[in-house]
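[1] Structure here, sequence nowhere to be found:
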């Protein structure tokens with residue numbers, strides 16, 4: 001029960017008691033007077049249930065202001081009565097707000113740790129999280145905005161979906177953990193904004209709930225994808241130099257230049273191998289169509305994935321091939337580098353069978369054996385040059401179009417998930 005509910009109950013009780021006592025002194029029957037006062041009290045409480053107590057209090061204060069106006073009108077004139085009524089109305093609103101803040105602080109803060117523990121969140125874990133302590137810019141950015149806007153902006157955490165660039169991949173975690181504090185300590189301020197603009201905030205909360213589910217799903221997909229990429233990187237680690245989550249600029253033609261991300265790259269004497277990893281855990285088998293689309297299906301033959309993988313691997317090969325053609329000095333024809341850049345699809349789900357195109361779709365377990373079938377084409381010095389060029393050409397973090405997991409983020413994903421559930425439930429409680 002929030003502060004305004006408590007204020008409404010106390011005022012309803014005082015009004016009904018005063019009505020009962022005054023009627024008793026006026027000679028009314030005690031039993032009938034008691035029943036009428038009790039029904040009146042129940043009616044007040046039902047109003048607080050059917051309507052928002054905040055709105056009920058505003059109506060009550062307005063009625064008191066009108067009463068003061070007409071009570072003073074014969075003696076103080078129109079303007080004097082109007083000023084007195086306005087002072088009474090705003091004074092009552094101010095007192096109600098003070099009482100509400102006091103009750104909220106008194107009832108909520110001591111239970112903060114207990115409430116977090118219900119979600120498996122340790123308060124010290126939040127307070128000591130390094131990203132929060134180090135990123136004062138994010139805290140200031142969030143604190144200086146209206147809370148209604150805060151609800152809307154936090155929906156846009158997945159920058160790849162909403163086309164927002166972040167300075168570093170940890171900012172998404174910063175925001176989530178900061179919002180865990182904000183949604184608890186300031187839930188009443190959000191509540192007040194919600195009352196001031198009921199339509200917009202209903203929409204904001206609905207959108208918050210909807211996109212929070214999308215965000216959780218995105219986390220799940222990226223985590224699964226990251227696990228698959230790690231398996232591939234570990235499987236080929238002994239065959240040469242491995243670069244994970246490579247991100248370089250690529251000319252897509254018609255004057256369009258953008259980033260191109262490669263899941264895993266192996267640079268060895270047998271060639272440059274770019275792996276597009278598919279860890280489709282919901283699929284039982286995958287197949288590639290003649291038009292270059294990769295389709296995943298579950299055990300009921302229902303389509304789970306549909307991706308233009310031919311275009312993906314072509315863009316990967318073009319991005320790395322053009323980069324090396326522009327920067328690598330080697331003997332031989334200019335096309336030789338491109339001939340030794342191989343863009344391959346890897347199925348990282350052991351429970352998923354490949355039904356077609358076994359020449360371009362590899363399983364993780366067979367990677368080493370199949371890659372050793374390629375002939376040697378580079379000497380060690382050339383391999384070192386290629387590794388240096390690709391590493392030095394990585395797109396800076398602030399220019400990436402989505403965050404890349406790093407060693408600090410991965411261990412904290414469970415904490416992020418718990419924070420998401422906490423924020424979701426607190427947001428729902430506003431309604």
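    That came through fine. Every value quoted in this text rests on a predicted model; they were computed, and no experiment measured them.
[2] okay, CA-based contacts and neighbour counts for the rest of this
    OK.
[3] what's the domain layout of the protein?
    For the chain, automatic domain parsing gives the domain ranges 3-110, 113-221+415-429, 240-406.
[4] looking at those, which has the lowest confidence?
    Least confidently modelled of the domains of the chain is domain 113-221+415-429, at a mean of 49 by mean pLDDT.
[5] now the strands for the stretch 251-400 of the chain?
    With DSSP state E, counting those that start in this stretch, the ranges of strands along the stretch 251-400 of the chain come out as 257-268, 271-278, 285-288, 294-297, 303-307, 341-347, 353-354, 361-363.
[6] Quick one: work out the angle between the first one and strand 271-278.
    Translated: strand 257-268. Going by axes from the mean of the first three to the mean of the last three C-alpha atoms, to 10 degrees, strand 257-268 is angled at 120 degrees with respect to strand 271-278.
[7] now the fifth one
    Relative orientation of strand 303-307 and strand 271-278, computed by the same axes, to 10 degrees: 140 degrees.
[8] quick one: strands adjacent to strand 303-307?
    strand 294-297 (antiparallel) (DSSP bridges).
[9] next one: the second one
    Based on DSSP bridges, the strands next to strand 271-278 in the sheet, each with its direction, are strand 257-268 (antiparallel), strand 341-347 (parallel).
[10] ok, the residue nearest to residue 289 when sequence neighbours are not counted - contacts?
    Closest residue in space to residue 289, ignoring its immediate chain neighbours: residue 295 at 7.6 Å, by C-alpha to C-alpha, 6 or more residues apart in numbering. By C-alpha atoms under 8 Å, 6 or more residues apart in numbering, the contact list for residue 295 reads 286-289, 303-307.
[11] Residue 295 pairs with what?
    Residues in a beta bridge with residue 295, per DSSP bridges, are residue 287, residue 306.
[12] among the contacts of residue 295, which ones are buried?
    Buried members of the contacts of residue 295, scored by 16 or more other C-alpha atoms under 10 Å, are 286-288, 304.
[13] hang on, residue 243 is in a helix, isn't it?
    No. Under DSSP: H, G, I helix; E, B strand; the rest coil, residue 243 falls outside any helix and is assigned strand.
[14] What residues does it make contact with?
    Residue 243 touches 264-266, 391, counting by C-alpha under 8 Å, 6+ apart.
[15] go with 7 Å
    Going by C-alpha atoms under 7 Å, 6 or more residues apart in numbering, residue 243 touches 264-266.
[16] Count residues in the vicinity of residue 32, would you?
    For residue 32, the count of nearby residues is 11 (other C-alpha atoms under 10 Å).
[17] and if you look at residue 353?
    Around residue 353 there are 15 residues (other C-alpha under 10 Å).
[18] just checking, it touches residue 283?
    No. Counting by C-alpha atoms under 7 Å, residue 353 does not reach residue 283; the two are 8.8 Å apart.
[19] Around residue 22, how many other residues sit close by?
    Residues lying near residue 22 (other C-alpha under 10 Å) number 13.
[20] just the helices in the stretch 301-431 of the chain please.
    309-327, 336-339, 367-371, 380-392, 413-429 (DSSP state H, counting those that start in this stretch).
[21] for those, which one sits closest to residue 93?
    When these are compared by C-alpha to C-alpha, helix 413-429 sits nearest residue 93, at 23.7 Å.
[22] Now stretch 340-351: buried residues?
    340-349.
[23] Generate TSV for these, with distance to residue 248 as supplementary columns.
    Conversion of the buried residues of stretch 340-351 to TSV gives the following (distance: C-alpha to C-alpha, whole Å):
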residue	distance to residue 248
340	19
341	15
342	17
343	15
344	18
345	19
346	21
347	24
348	24
349	27
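[24] Mind putting the strands paired with strand 271-278 into JSON lines with distance to residue 322?
    JSON lines is the format used below for these (distance: least, C-alpha to C-alpha, whole Å):
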{"stretch": "strand 257-268", "distance to residue 322": "12"}
{"stretch": "strand 341-347", "distance to residue 322": "10"}
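[25] Tell me which of those strands sits nearest to residue 372.
    Residue 372 lies closest, by C-alpha to C-alpha, to one member of these: strand 257-268, at 10.3 Å.
[26] what angle do the closest one and helix 380-392 make?
    Using the same axes, to 10 degrees: strand 257-268 against helix 380-392 is 150 degrees.
[27] sorry, back to before: of all the helices of the stretch 301-431 of the chain, which one is nearest residue 11?
    Nearest to residue 11, of those and by C-alpha to C-alpha, is helix 413-429 at 24.4 Å.
[28] for the longest helix anywhere in the chain, packing partners?
    If you go by DSSP state H, the chain has its longest helix at helix 53-108. Helix 53-108 sits against helix 3-25, with contacts defined as 3 or more C-alpha pairs under 7 Å, 6 or more residues apart in numbering; DSSP states H and E.
[29] doesn't residue 301 make contact with residue 283?
    No. Residue 283 lies out of contact with residue 301 (C-alpha under 7 Å); the separation is 9.2 Å.
[30] Pick out whichever of those two has more residues nearby.
    When neighbours are counted by other C-alpha under 10 Å, residue 283 and residue 301 differ, and residue 283 comes out ahead with 22 against 11.
[31] doesn't residue 242 make contact with residue 265?
    Yes. Here residue 265 reaches residue 242: they are 5.6 Å apart, a contact under C-alpha under 7 Å.
[32] Pick out whichever of those two has more residues nearby.
    A count of neighbours by other C-alpha under 10 Å puts residue 265 above the other of residue 265 and residue 242, at 26 against 20.
[33] So what sits opposite the residue lying closest to that one once chain neighbours are set aside in the bridge?
    Spatial nearest neighbour of residue 265, excluding adjacent residues (C-alpha to C-alpha, 6+ apart): residue 274 at 4.6 Å. Applying DSSP bridges to residue 274 gives these bridge partners: residue 265, residue 343.
[34] about what we covered before: looking at the buried residues of stretch 340-351, which is nearest residue 34?
    Of all the buried residues of stretch 340-351, residue 349 has the smallest distance to residue 34: 73.3 Å, by C-alpha to C-alpha.
[35] What's the separation between the closest one and residue 277?
    Remark: distance between residue 349 and residue 277 (C-alpha to C-alpha, to the nearest Å) = 10 Å.
[36] Likewise for residue 271?
    18 Å.
[37] Give me the more crowded residue out of these two.
    residue 277 (27 against 22).
[38] Would you enumerate the residues in contact with the more buried one?
    228-229, 263, 345-348 are the contacts of residue 277 under C-alpha under 7 Å, 6+ apart.
[39] swap the cut-off to 6 Å and go again
    residue 346 (C-alpha atoms under 6 Å, 6 or more residues apart in numbering).
[40] Could you do the one 5 residues further on as well?
    By C-alpha under 6 Å, 6+ apart, no residues touch residue 282.
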